[in-house]
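Chemist: Here you go, sequence then predicted model.
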Amino acid sequence: MKPSTAQTAENLYKIVYNLEGVRNPIFNQAGLDRAADTLAAQMASAGLSVRDQVFYLEGCPTPFRNIEGSLGLTVDQPAVVLMAHYDTVDVSPGANDNAAGCAVLVEVGRALAQMDNPPPVYIVAVTLEESKSNPLIYGLERQSALERGVIASNGQFTSWANARLKQSVEKRAMAIYERGQSQGEGYRTAMEELDSELTPELRRHIIDIIPLYEGITVETSIGQRSRIGSHRWLQAAIAEEKHIAYNITVDEPGIYSDAPFSQGLLGAFGFDVFTHRYGLDEANRVGNFVFIATNHNSGGIGQVFSGHCRSPEINLLYGWVDVPLTFTQIAHSLPQGLGSDHAAFWQADIPAMFLFDSSTARDPWVHTPADTIDKINFDRLACFTHAVTATIADLGLVKTHYTGMEEA
């Protein structure tokens, strides 16, 4: 029997409640480790077989952990990979980004485990997704900022000039990075363009960090600057010859509003970015829908998921962007589309669907201390969880999307 929306919402709330708090390898490694322990215990309690995948970053003694739960006959059979990251940025308690996504993992696992014949699935909570999560890059960047006097020990900029100009440098560097050059080249160009305005301490700081970002492009950043845990899990899965049907990645899934003009622009686009939509109030730009993203070989996953969203018992509004492009084409023309853990799967040409609430286009609290549990709509998140569960339970979808099998 499918759990009620009310019960699912209550379960989701409790999981987020227990995970909320800074979970960052530079600012709170203990919090990151506690979250991994909590998720492992919750997955086991939900009925999953659980293991740690421990990995290291070369030159860093700290062990990092992906938490993998599994169900069904995953050996020699194509399995779904449901994934969410559990780390946060430096200052955020990360309720929506991404304790809510991890709560969805556990509750989907709980529902599937109650089936008589659960589908083969890996449910994986990964670490080091955030852009400033690699201590060998951002840790050294922060150390330089402290030593050069750009920031104080509390993380605040030491002057308005440093704050304003560092933001300008970052904006210019990232624009160059998104055009396909390395982030290091972006910093170098930005420093040259703003040379006459930079404070001496900020100039020395930028010179320090350029080598940290040399060679980091949109494509090479996956597994190096960010999205590290997902990249490590997938590389190990490929080496172990795990059979992967497709991936669903969940990130920032919990912010919904029925208020007019609660939905901002989606990059440079409005609602016309969507190739498929259901129930959207475009005239009033209402932010009460789930955002679906698929690429050239994953549209079938979106079809099944969106079908469940339209079912009367779920009725979850959605806007779906089905991008008919390969990973390389997306990296060159739409790099913002690679911002979460689905990117590693698209890079490996494995079908993957990305689900979120559109992040900063709707959520003003993301990556801030205000990303707290009271902002999340758990009733909508419960409907979202039921739609994900129903999608994974569709064994025909597994057969259709497993590379090497006949189309269903």
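Modeler: Received, thanks.
Chemist: Compute the first-to-last residue distance for stretch 110-121.
Modeler: 12 Å (C-alpha to C-alpha, to the nearest Å).
Chemist: Pull out the buried positions in it.
Modeler: Under the neighbour-count criterion of 16 or more other C-beta atoms under 10 Å, stretch 110-121 has 110-113, 118-121 buried. Quick note: C-beta positions are derived from backbone N, CA and C, even for glycine.
Chemist: now stretch 205-216
Modeler: With the criterion 16+ other C-beta under 10 Å, stretch 205-216 contains buried residues 205-206, 208-210, 212-213, 216.
Chemist: and the two most separated of these?
Modeler: H205 and I216 (17.6 Å; C-beta to C-beta).
Chemist: before we move on, back to that, put together a markdown table for the buried residues of stretch 205-216, with pLDDT on each row.
Modeler: Below are the buried residues of stretch 205-216 laid out as a markdown table (pLDDT from 0 to 100):
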| residue | pLDDT |
| --- | --- |
| H205 | 98 |
| I206 | 97 |
| D208 | 98 |
| I209 | 97 |
| I210 | 97 |
| L212 | 96 |
| Y213 | 96 |
| I216 | 95 |
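Chemist: Do you have the strands of this protein handy? List them.
Modeler: 49-55, 64-71, 79-85, 121-126, 244-250, 276-278, 290-294, 318-322, 352-356 (DSSP state E).
Chemist: just the helices in the stretch 101-250 of the chain please.
Modeler: 140-147, 160-178, 183-193, 200-209, 228-239 (DSSP state H, counting those that start in this stretch).
Chemist: now those in TSV, with distance to G279?
Modeler: TSV is the format used below for the helices of the stretch 101-250 of the chain (distance: least, C-beta to C-beta, whole Å):
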stretch	distance to G279
helix 140-147	43
helix 160-178	32
helix 183-193	39
helix 200-209	45
helix 228-239	31
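Chemist: Tell me which of the ones you listed sits nearest to A9.
Modeler: Nearest of the helices of the stretch 101-250 of the chain (C-beta to C-beta): helix 228-239, 27.1 Å.
Chemist: Summarise which helices and strands that closest one is packed against.
Modeler: Applying 3 or more C-beta pairs under 8 Å, 6 or more residues apart in numbering; DSSP states H and E, one finds that helix 228-239 contacts strand 49-55, strand 64-71, strand 79-85, strand 121-126, helix 342-347.
Chemist: Please convert the ones you listed to CSV, extending it with distance to D195 and mean pLDDT.
Modeler: Formatted as CSV, the helices and strands packed on helix 228-239 follow (distance: least, C-beta to C-beta, whole Å; pLDDT from 0 to 100):
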stretch, distance to D195, mean pLDDT
strand 49-55, 40, 97
strand 64-71, 38, 98
strand 79-85, 37, 97
strand 121-126, 40, 98
helix 342-347, 34, 98
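Chemist: Show me the one of those that comes nearest N134.
Modeler: strand 64-71 (10.1 Å).
Chemist: outside of that closest one, which residues touch it?
Modeler: With contact meaning C-beta atoms under 8 Å, 6 or more residues apart in numbering, strand 64-71 is reached by 25, 33, 36, 39-40, 43-44, 46-57, 79, 86, 105, 109, 112-113, 118-128, 228-229, 232-233.
Chemist: Now do the buried residues in it.
Modeler: 64-71.
Chemist: Now do it: distance to the chain's middle.
Modeler: Put simply, strand 64-71 sits 16 Å off its chain's centre (C-alpha atoms, centre = their mean, to the nearest Å).
Chemist: and the angle from that strand to strand 79-85?
Modeler: Angle, strand 64-71 to strand 79-85, by axes from the mean of the first three to the mean of the last three C-alpha atoms, to 10 degrees: 140 degrees.
Chemist: Mind listing the strands strand 64-71 pairs with, and their directions?
Modeler: Here strand 64-71 is paired, per DSSP bridges, with strand 49-55 (antiparallel), strand 121-126 (antiparallel).
Chemist: So which bits of the longest one are buried?
Modeler: By that I understand strand 49-55. 50, 53, 55.
Chemist: can you give me the angle that strand makes with helix 228-239?
Modeler: 110 degrees.
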